[in-house]
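Novice: give me a model of this one.
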Amino acid sequence: MLLRDEETDRWDWSKCERYCRTCRIWRPPRAGHCSDCGWCVRRFDHHCGAVSNCVGNDNHRWFVSFLCVTSALVLSLTCACVDALRRTGWPARAASWNAATFFLIACAFACSAMSLGAIFALSHVWLCLADVTTKEMLTLEKKMRADARQRSARGDGSSGAAEAAGRIWRAFRSVGWRRLCRETVWGAKFAWKREHESRARPTTGRRVVRSDGRRAAG
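Specialist: Below you'll find the model as predicted:
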């Protein structure tokens, strides 16, 4: 997941897009720099404080699996707590509450609150199916808000929600299902060189700084 020196030395620098001044390397497409960890990550999604690690190309599928399994366990525990409360006669037998009843109620409320993680899991499953990262989605939302403000200032009555839904649907339909399963489920590397070869920029007169600080011919 991290962009290491031995990997950057093998890159075709003409396919790289952005230069990271912190890591002193040219990043491949969809890579991003994590300010919390201090390094660049391939297909950077976000930095998760819960697992204290970056979520990127190599571990995104495991992160989504972790969310799905955790959500399923929490939902099962919530159902078990509610069923146990129902068997105690709650809330009809409120006068006979004891410590066990209070514990079950606390567990039920806690599990219900934690079940919000299921929404987070479903959102990441959708992002995987659409082949979009969290960072890219936030950037898209920011651009759509800016476009909506510009349309409002011009007095344009076009629907921003309909346009956003159209963009999402087009992005969803453009995904190749075999490539998607190979890259997000089975863990193959993203073929960023092939995807961006058609729009490679010329390197004439361009100097590239490698991660070791030496100048590469360009």
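Novice: how far does stretch 30-50 stretch from start to finish?
Specialist: 23 Å (Cα to Cα, to the nearest Å).
Novice: contacts for that stretch, please.
Specialist: Stretch 30-50 has contacts (Cβ atoms under 8 Å, 6 or more residues apart in numbering) with 1-3, 18, 20, 22-23, 25, 27-28, 53-58, 60, 63, 127, 133-136, 190, 192. Every C-beta, even on glycine, is put in place using the N, C-alpha and C of the backbone.
Novice: tell me the pLDDT of the residue nearest to residue 42 when sequence neighbours are not counted.
Specialist: Using Cβ to Cβ, 6 or more residues apart in numbering and skipping residues adjacent in sequence, the residue nearest residue 42 is residue 57, 4.1 Å away. Looking at residue 57, its pLDDT is 86.
Novice: quick check: buried residues in stretch 66-75?
Specialist: Applying a neighbour-count criterion of 16 or more other Cβ atoms under 10 Å, one finds 66, 67, 68, 70, 71, 74, 75 buried in stretch 66-75.
Novice: now the longest helix that the chain contains: mean pLDDT?
Specialist: If you go by DSSP state H, the chain has its longest helix at helix 60-87. For helix 60-87, mean pLDDT is 84.
Novice: can you give me the angle the helix or strand just after it makes with helix 60-87?
Specialist: Next along the chain after helix 60-87, taking DSSP states H and E as the criterion, comes helix 99-114. Between the axes of helix 99-114 and helix 60-87, defined by axes from the mean of the first three to the mean of the last three Cα atoms, to 10 degrees, the angle is 150 degrees.
Novice: right, and the helix or strand after helix 99-114?
Specialist: Helix 99-114 is succeeded, C-terminally, by helix 116-130 (DSSP H and E).
Novice: that next one - what's its average pLDDT?
Specialist: On average, helix 116-130 scores 84.
Novice: same question, stretch 140-154
Specialist: In this model, stretch 140-154 has an average pLDDT of 77.
Novice: export that stretch to PDB, keeping only CA atoms.
Specialist: Extracted C-alpha coordinates of stretch 140-154, given in PDB (Å, rounded to 0.1, in the frame of the first residue of the first chain):
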ATOM      1  CA  LEU A 140     -16.900  15.400  -6.100                       C
ATOM      2  CA  GLU A 141     -19.400  16.600  -3.500                       C
ATOM      3  CA  LYS A 142     -17.300  19.700  -2.900                       C
ATOM      4  CA  LYS A 143     -17.300  20.400  -6.700                       C
ATOM      5  CA  MET A 144     -21.100  19.800  -6.900                       C
ATOM      6  CA  ARG A 145     -21.800  22.200  -4.100                       C
ATOM      7  CA  ALA A 146     -19.600  24.900  -5.800                       C
ATOM      8  CA  ASP A 147     -21.500  24.200  -9.100                       C
ATOM      9  CA  ALA A 148     -24.800  24.500  -7.300                       C
ATOM     10  CA  ARG A 149     -23.800  27.900  -5.700                       C
ATOM     11  CA  GLN A 150     -22.800  29.100  -9.200                       C
ATOM     12  CA  ARG A 151     -26.100  28.100 -10.700                       C
ATOM     13  CA  SER A 152     -28.000  29.700  -7.900                       C
ATOM     14  CA  ALA A 153     -26.100  32.900  -8.400                       C
ATOM     15  CA  ARG A 154     -26.900  32.900 -12.100                       C
END
